[in-house]
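Enquirer: sequence and predicted structure are below.
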Amino acid sequence: MLEYIGDIFHHFVDPKKRVFLGYIVLSIAIALFWLVFFKKKALKSAIFKVFDKKILLSGSAISDYKMFLINRVLMLVLSPYLLTQLAVATFFYYSLLSLPLSGLISFLSDTPTIVVATLFTFVFFTFDDFTKYWVHRWMHKWPVLWALHKVHHSAETLNPITVYRTHPLEGILFSLRGAFSQGTVISTFFFIFGDKVDLVTILGVNFLVFSFHVAGSNLRHSHIDIKYWVWLEKILISPAQHQLHHSLDERHYDKNFGAALAIWDWIFGSLHHSEDIDNLKLGVEDNDFDPKSITELYLKPLKEILDIISESLSSFKSLNKIFKI
């Protein structure tokens, strides 16, 4: 039982996870630095701002904490049955073996190991972030997926644990996304470069992922609106940009889908730079949706999906009748 409880809270001691305590402590330090040196607040005032009870103990935040526990238990049960990175990598690797690409492999066989490792680290991070962007964008655009993703956007306040405020079905979709994107990159590099493939890591974490978390990734789900220079916000998503993504203001709808990189938003027209906005209103506009009810957070999306499917089937039947006539 103690081991199982440890597994539930393992993310807080795992440097591969965003909520690793080391990253959270660094995020707090960055927030205090921002408030004191850029917002010109007194240190005491900055501390009260960071640890604002109205935010961290709000009804929305309490729901986040409950969903963290429930979702961790569910994923521990479901994870062994999901498609894995290894399975995807193996499938694509053997698929590549069947292609006449021996000339390419021979041409690249002399590539120095350090070049391969650097390239692999960069492509692994970039392609994974690229797929996160598109799945996240689809979550907003497709009604069936929005029914799930709405759970995350129902948060009325933001804190680092809000990242776990997701419907389990969305969690499964993102796990499958990760297995696909990472497995594809791994199989391709091993096919081309063989045993030269390696990952540049710190504490066992992709160097670029580690840098992203050390730079305050947890502040994206927070009330500390740190902004970057305009040019940098075209490359990296600032905390303030992601907070705008959660905004109820129509100007911010369907903006800033990027996880770490803003270049995808810039390229595909969904970029919105940070703004000087106080008391940003967050959540979703749905009078029938209680963002603090755990029951509704888990069950209402399922009902909405069934309703959407039912309406689609009804429309399909109506079309059949029309064409028969």
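Expert: In hand now; what should we look at? Residues are numbered from 1 along each chain as shown.

Enquirer: averaged pLDDT, stretch 58-66. What do you get?
Expert: For stretch 58-66, mean pLDDT rounds to 97.

Enquirer: dump the C-alpha coordinates for stretch 220-229 into CSV.
Expert: This file holds the C-alpha atoms of stretch 220-229, laid out as CSV (Å, rounded to 0.1, in the frame of the first residue of the first chain):
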residue,chain,number,x,y,z
ARG,A,220,2.1,28.9,-17.1
HIS,A,221,-0.5,27.6,-14.8
SER,A,222,-0.3,30.3,-12.2
HIS,A,223,-1.5,33.8,-11.5
ILE,A,224,2.0,35.3,-12.0
ASP,A,225,1.8,36.9,-15.5
ILE,A,226,5.4,36.8,-16.6
LYS,A,227,5.9,38.2,-20.1
TYR,A,228,8.8,37.8,-22.5
TRP,A,229,10.2,40.1,-25.1
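
Enquirer: any idea how far that stretch is from the chain center?
Expert: Counting by CA atoms, centre = their mean, to the nearest Å, stretch 220-229 is centred 16 Å from the centre of its parent chain.

Enquirer: and stretch 135-152, end to end?
Expert: Length of stretch 135-152, first residue to last, CA to CA, to the nearest Å: 14 Å.

Enquirer: kindly apply the preceding question to stretch 43-58 instead.
Expert: 24 Å.

Enquirer: do stretch 271-290 as well
Expert: 30 Å.

Enquirer: repeat that for stretch 197-205.
Expert: From its first residue to its last, stretch 197-205 covers 15 Å (CA to CA).

Enquirer: tell me which residues in it are buried?
Expert: 197, 199-200, 205 (16 or more other CB atoms under 10 Å). All C-beta atoms are positioned from the backbone trio N, CA, C, and that covers glycine.

Enquirer: can you redo those residues as a markdown table with pLDDT and secondary structure?
Expert: Compiled in a markdown table, the buried residues of stretch 197-205 are given as follows (pLDDT from 0 to 100; DSSP: H, G, I helix; E, B strand; the rest coil):
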| residue | pLDDT | secondary structure |
| --- | --- | --- |
| Val197 | 92 | coil |
| Leu199 | 95 | coil |
| Val200 | 96 | coil |
| Val205 | 96 | strand |
